[in-house]
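Novice: Take this sequence and fold it.
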Amino acid sequence: MLFRQAIPPERLRQLATVARRSTPRALRQMSPERRHPILLAALAESHAEIVDGIVRLFDMVLASTDSAARDRVAERQAETVRSDVGRLALLDDILDVVLDAKLTNAAVGAAVRGLGPERLAAAARGDDERLPRDGGHLELMEARFSHVRLLATLSPLLR
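Specialist: Here you go, the predicted model:
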C-alpha cells in the first residue's frame, strides 16, 4: 500500500483508467517504466473495489441476520404472551388473596395453596423456558451466524 500513498489519488485513477481502456497488446508494447505503474494502479483500484464489495456484502448479511433474529424474538414474545394468559389469571387470583387485608399470613398461605397445586405447578416455568432479558436475540444471532462466519474467512482480503 506504499504505492497508494506515494502517488496522488487523482493520478492513480488516471493510470487505472488508462489500464482499463488499453488492450493487453497495447500494454505489452508500452515501455516497462510506463506499463508497470499503470498495471499497479489498476491492481490497487481492483483491490479497493473488491474489499469494498466484501465489506458491503458482509454488512448486508449481518443486517439480514439481525433482522431475522429480531423477527424471531418478536414471534417468541407473542407466543409467550399467548401462553401466559393462564399464568396472568393465576397471578390475578394470587394477588387478590395476598392483598386481602382481612387474611392473616397463615390464611394467605392456605388460600394460595387452595388455588390448586396442579394449577400452581402448571404455571411454574423451568430455567430452560425463561428467556434472557434481550428476549433471546443474541442467542438467535449466534445460531444464524454460520453463514456470517463464512464471510469472515474472506478477512485476509480486507488487509
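Novice: Checking Leu27 next. Helix, strand or coil?
Specialist: Of the three states, Leu27 takes helix according to DSSP: H, G, I helix; E, B strand; the rest coil.
Novice: quick one: it from Arg21, how far?
Specialist: Between Leu27 and Arg21 the computed distance is 10 Å (C-beta to C-beta, to the nearest Å). The way it works is simple: take the backbone N, C-alpha and C, and place the C-beta from them, glycine included.
Novice: Settle it for me: which of these two has more neighbours?
Specialist: Leu27 (15 against 8; other C-beta atoms under 10 Å).
Novice: does the more buried one really touch Ile38, like I thought?
Specialist: Yes - counting by C-beta atoms under 8 Å, Leu27 touches Ile38, with 7.0 Å between them.
Novice: Between these two, which contacts overlap?
Specialist: Shared contacts of Leu27 and Ile38, defined by C-beta atoms under 8 Å, 6 or more residues apart in numbering, comprise Ala19.
Novice: host element of the residue in the chain sticking out farthest from the centre?
Specialist: Most distant from the centre of the chain: Lys102, at 53.3 Å, with distances by C-alpha atoms, centre = their mean. When elements are assigned from DSSP states H and E, Lys102 belongs to no helix and no strand.
Novice: and it, what are its phi and psi?
Specialist: Per-residue torsions, Lys102: phi -80, psi -20 (degrees, to the nearest 10).
Novice: ok, Leu43 - how many residues close by?
Specialist: 13.
Novice: thought Val97 was touching Leu103?
Specialist: Yes - Val97 is within contact range of Leu103, at 6.9 Å (criterion: C-beta under 8 Å).
Novice: out of these two, which sits in the more crowded spot?
Specialist: Shown here are Val97 and Leu103; by other C-beta under 10 Å, Val97 has more neighbours (17 against 14).
Novice: Tell me which other helices or strands the one helix or strand that one maps to touches.
Specialist: For Val97, the host element (DSSP H and E) is helix 85-98. Counting contacts by 3 or more C-beta pairs under 8 Å, 6 or more residues apart in numbering; DSSP states H and E, helix 85-98 is packed against helix 105-113, helix 117-123.
Novice: Next, the angle from it to helix 105-113.
Specialist: 160 degrees (axes from the mean of the first three to the mean of the last three C-alpha atoms, to 10 degrees).
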